[in-house]
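Chemist: what follows is a predicted structure for the sequence shown.
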Amino acid sequence: MKKRKLFCEISPACYRISLKKEYLLRDMKDFFGNEKFAVQRADPLPFLVKAHSSEILRRLNGVDMELQQNKAVNLRIAGEKINGIVINPGETFSFWRLVGEPAAEKGYLDGLIIHKGKLDRGIGGGLCQLANLIHWLVLNSPLTVTEIFHHTDALFPDSGRRVPFGTGTGVFYKNIDYRFKNTTDIPVQLLIWQSGGKLCGELRSCKPFPFVYRITEENHGFTEEDGIFYRVSQVYRLTLDRSRNVVKRELVLNNHSRVMYDYSLIPEKQIITPRLRRLPP
């Protein structure tokens with residue numbers, strides 16, 4: 001029997017109608033909810049919690065460099081919407097409420113996007129890098145992530161990776177958002193800018209937090225299951241006191257991501273043996 005199409009699959013017009021419906025539902029949920037969203041901006045707060053940067057122009061296998069160059073433009077426009085935002089105690093940061101819809105009339109260009117698990121191009125593509133940067137800063141703090149969308153596939157081999165695999169997040173206007181809440185009693189702030197071909201960010205506060213945080217990755221490697229390779233690892237957040245004693249260890253991510261690129265690019269030494277086989281249902 002032929003599978004019945006969903007309404008959003010009938011035509012591009014139906015897809016747009018479905019998106020508008022989802023936008024309305026999201027707006028209604030936020031309107032009737034009790035979340036207070038961050039809107040205040042200020043000069044840089046005095047204390048640095050965490051800083052990070054990532055290369056904007058990355059040479060990825062099979063990806064047009066023009067899309068990477070366009071991404072730099074998209075990141076600049078979106079970053080300016082977030083730079084300087086203060087998240088007071090009890091407030092929630094929402095990526096899309098600050099950035100808004102990435103439309104061509106706002107200056108956004110075609111960039112790399114992930115659509116239905118495959119690489120594609122679309123207006124505003126590449127903003128995941130900005131969300132990834134913010135999430136990494138938040139992971140290294142006591143702030144609480146309230147909405148996140150982890151990519152379930154390993155789309156590219158590593159290219160100068162500096163953070164554990166899987167610690168990024170997807171964003172898609174406006175229903176796949178990235179949100180975190182300031183559950184502390186200390187105001188925090190995000191600073192975003194570009195310098196020397198890098199996307200740079202800082203998480204700052206008005207006074208120091210009592211603990212520091214470290215993100216570690218364990219048991220990283222690749223397993224073969226019924227002829228399919230998966231990238232696996234566990235990511236932990238360590239809470240340390242000011243004497244660097246570990247007072248808490250929590251699992252934040254258990255990776256099991258299907259490898260979508262050429263298996264010949266998997267480093268042989270990273271293949272875990274004996275290779276695991278998924279048991280039949």
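Modeler: Structure's in. What do you need?

Chemist: regarding this structure, what is its longest helix?
Modeler: helix 12-32 (DSSP state H).

Chemist: quick one: the strands in the stretch 101-250 of the chain, in order.
Modeler: Using DSSP state E, counting those that start in this stretch, the strands of the stretch 101-250 of the chain run over residues 110-115, 118-123, 144-147, 153-154, 179-181, 188-195, 198-205, 212-225, 228-240, 246-259.

Chemist: tell me the angle the first one makes with strand 118-123.
Modeler: What separates the directions of strand 110-115 and strand 118-123 is an angle of 140 degrees, with axes from the mean of the first three to the mean of the last three Cα atoms, to 10 degrees.

Chemist: got the buried residues for strand 110-115?
Modeler: Neighbour-count burial for strand 110-115 flags 110-114 (criterion: 16 or more other Cβ atoms under 10 Å). From N, CA and C alone the C-beta is placed, and that goes for glycine too.

Chemist: number of nearby residues for residue 198?
Modeler: 14 (other Cβ atoms under 10 Å).

Chemist: nearest residue to it other than its sequence neighbours?
Modeler: Counting by Cβ to Cβ, 6 or more residues apart in numbering, residue 198 lies nearest to residue 53, which is 4.3 Å off, once chain neighbours are set aside.

Chemist: I'd say that neighbour and residue 202 touch.
Modeler: No. Applying Cβ atoms under 8 Å as the test, residue 53 and residue 202 come out as separate, 9.6 Å apart.

Chemist: what residues are shared contacts of those two?
Modeler: Both residue 53 and residue 202 lack any common contact, where contact means Cβ atoms under 8 Å, 6 or more residues apart in numbering.

Chemist: before we move on, the earlier item: run the chain-centre distance for the strand or helix carrying the residue nearest to residue 198.
Modeler: Element membership for residue 53, per DSSP states H and E: strand 47-55. Centroid separation for strand 47-55 versus its chain: 15 Å, with Cα atoms, centre = their mean, to the nearest Å.

Chemist: relative orientation of it and strand 188-195 in degrees?
Modeler: In terms of direction (the same axes, to 10 degrees), strand 47-55 departs from strand 188-195 by 30 degrees.

Chemist: so which bits of the following helix or strand past strand 47-55 are buried?
Modeler: Proceeding N to C from strand 47-55, the next assigned helix or strand is helix 65-82, under DSSP H and E. Within helix 65-82, the residues scored as buried using 16+ other Cβ under 10 Å are 67-68, 70-72, 74-79, 81-82.

Chemist: circling back to that earlier point, might you report the residue contacts of the residue nearest to residue 198?
Modeler: If you count contacts by Cβ under 8 Å, 6+ apart, residue 53 has them with 133, 195, 198-201.

Chemist: possible to save the residues you listed as CSV with pLDDT and distance to residue 142?
Modeler: Converted to CSV, the contacts of residue 53 look like this (pLDDT from 0 to 100; distance: Cβ to Cβ, whole Å):
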residue, pLDDT, distance to residue 142
133, 96, 18
195, 95, 28
198, 95, 26
199, 96, 24
200, 97, 22
201, 98, 18
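
Chemist: just the buried ones from those?
Modeler: Buried, going by 16+ other Cβ under 10 Å: 133, 199-201, out of the contacts of residue 53.

Chemist: what comes up buried for stretch 205-212?
Modeler: Those would be 205, 209, 212, for stretch 205-212 by 16+ other Cβ under 10 Å.

Chemist: swap in stretch 97-110?
Modeler: 97-99, 102, 108-110.

Chemist: then stretch 234-246?
Modeler: Across stretch 234-246, burial judged by 16+ other Cβ under 10 Å covers 234-239.
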